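K.L.:
I'll drop the sequence and a predicted model, then ask my questions.
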Amino acid sequence: MLLAASCALAMVSVPTTAWSADKPETTSKAKETGKAKPAPKPVPVDCAKVKCIALTFDDGPGKYADKLLDTFKKYKSKATFFLEGQYVKSRPAFAKRMVTEGHEIGNHSYTHPHLREVSEDKIRDELINTQDIVKKVTGKYPTTIRPPYGEFDERVTAIAKQMGMPIILWNGGSRDWATRNEKAIHDEVLKNAKRDGVILMHDWVEQTVKVMPKLLASLQKQGYHVVSVSSLRGAKATAPGDVYPVGSEKDEGLTSDSPTGDPDDFAQSPADGS
């Protein structure tokens with residue numbers, strides 16, 4: 001009997017495990033079961049019912065991408081990043097964070113050449129090498145292609161089809177690479193904003209990153225949901241090798257809103273350590 005009493009006392013005196021300071025409060029029911037309720041999953045945006053727009057960023061991951069991702073997280077918005085293989089290699093943490101936080105990633109070649117001016121083998125190398133490095137770094141392959149400068153030909157289209165990827169262009173610009181001015185970038189995007197619009201921007205332009213909080217607030221005030229390209233109406237029906245937005249490839253002035261000239265002048269140094 002004395003032994004039983006001692007055992008009972010020992011059981012009462014065993015300390016319970018304390019919640020760590022960084023664990024969230026739970027409901028009494030959750031405490032009873034020892035399991036916290038999982039956070040509710042975000043409700044997907046239905047762009048058939050609400051007004052959507054896609055902000056897309058070329059040439060990244062740029063050196064300011066982390067600050068840009070902070071802003072998108074704060075405003076609960078999603079972006080599409082068209083990545084260059086060389087910068088995924090030099091800034092792997094940024095690329096990985098893009099995927100982890102639910103943004104969409106596309107293939108923007110490895111070194112940003114004019115694809116119409118290089119051999120078919122070079123086109124394949126540029127695209128496949130980017131697929132490989134993005135997969136290695138993020139665990140996921142890009143699902144779309146945006147050719148540098150928006151330039152492509154039947155060879156690029158055929159290769160995109162073989163790779164099972166649509167070609168994504170744009171139907172609205174920011175001219176951020178040209179103006180490098182926050183107000184000008186903000187106003188240009190709002191001028192070009194429309195339902196299911198695909199806007200071209202660059203995450204290596206510091207002024208773009210700085211104006212993004214104001215821009216997202218302005219778009220949301222106008223009733224827009226800022227989403228990835230695949231969420232837009234009609235985008236899911238785009239087949240490999242097809243071009244989206246429909247008809248954008250026929251816009252003769254399309255490449256005028258994409259940087260031209262020396263790639264090193266706009267793409268930032270891949271060895272900057274950012």
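P.N.:
Alright, I've got the coordinates. Residues are numbered from 1 along each chain as shown.
K.L.:
Show me what counts as buried in stretch 212-229.
P.N.:
By neighbour count, with 16 or more other CB atoms under 10 Å as the criterion, the buried positions of stretch 212-229 are 212, 215, 216, 218, 219, 224, 225, 226, 227, 228, 229. Yep, even glycine has a C-beta here, placed from its N, CA and C like the rest.
K.L.:
Equivalent analysis for stretch 145-153, please.
P.N.:
Buried positions in stretch 145-153, judged by neighbour count with 16+ other CB under 10 Å: 145, 146, 147, 148, 149, 150, 152.
K.L.:
Pull the longest helix anywhere in the chain out as CSV, backbone CA atoms only.
P.N.:
Using DSSP state H to assign secondary structure, the helix with the most residues in the chain is helix 120-138. Provided in CSV are the C-alpha atoms of helix 120-138 (Å, rounded to 0.1, in the frame of the first residue of the first chain):
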residue,chain,number,x,y,z
GLU,A,120,18.0,26.3,-82.6
ASP,A,121,20.5,24.5,-80.4
LYS,A,122,21.2,27.7,-78.6
ILE,A,123,17.5,28.3,-78.0
ARG,A,124,17.1,24.8,-76.5
ASP,A,125,20.2,25.3,-74.3
GLU,A,126,19.0,28.7,-73.0
LEU,A,127,15.6,27.3,-72.1
ILE,A,128,16.6,23.8,-70.8
ASN,A,129,19.5,25.1,-68.7
THR,A,130,17.1,27.5,-67.0
GLN,A,131,14.6,24.8,-66.4
ASP,A,132,17.3,22.7,-64.8
ILE,A,133,18.7,25.4,-62.5
VAL,A,134,15.3,26.6,-61.3
LYS,A,135,14.3,23.0,-60.5
LYS,A,136,17.5,22.4,-58.7
VAL,A,137,17.1,25.6,-56.6
THR,A,138,13.4,25.7,-56.0
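K.L.:
Quick check: which ranges of the stretch 1-150 of the chain have low pLDDT?
P.N.:
Counting by pLDDT under 70, the low-confidence segments of the stretch 1-150 of the chain come to 1-42.
K.L.:
how about the helices in it?
P.N.:
2-13, 28-33, 65-74, 85-90, 92-100, 120-138 (DSSP state H, counting those that start in this stretch).
K.L.:
where in the stretch 151-274 of the chain is pLDDT low?
P.N.:
Segments of the stretch 151-274 of the chain classed as low confidence (criterion: pLDDT under 70) are 253, 255-274.
K.L.:
ranges for the helices of it?
P.N.:
Ranges of helices in the stretch 151-274 of the chain, per DSSP H, counting those that start in this stretch, are 154-163, 176-179, 182-192, 206-221.
K.L.:
Redo these as CSV? Include distance to residue 138.
P.N.:
Below are those laid out as CSV (distance: least, CB to CB, whole Å):
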stretch, distance to residue 138
helix 154-163, 17
helix 176-179, 25
helix 182-192, 27
helix 206-221, 21
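K.L.:
Tell me which of these lies nearest to residue 239.
P.N.:
Nearest to residue 239 among the helices of the stretch 151-274 of the chain is helix 154-163 (8.1 Å), distances taken as CB to CB.
K.L.:
Can you check what angle separates that closest one from helix 120-138?
P.N.:
Relative orientation of helix 154-163 and helix 120-138, computed by axes from the mean of the first three to the mean of the last three CA atoms, to 10 degrees: 40 degrees.
K.L.:
Any buried residues in helix 154-163, and which?
P.N.:
Buried residues in helix 154-163, defined by neighbour count with 16+ other CB under 10 Å: 156, 157, 159, 160, 163.
K.L.:
want to try TSV for those, with distance to residue 88 as columns?
P.N.:
Formatted as TSV, the entries for the buried residues of helix 154-163 read as follows, by distance: CB to CB, whole Å:
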residue	distance to residue 88
156	20
157	24
159	20
160	19
163	17
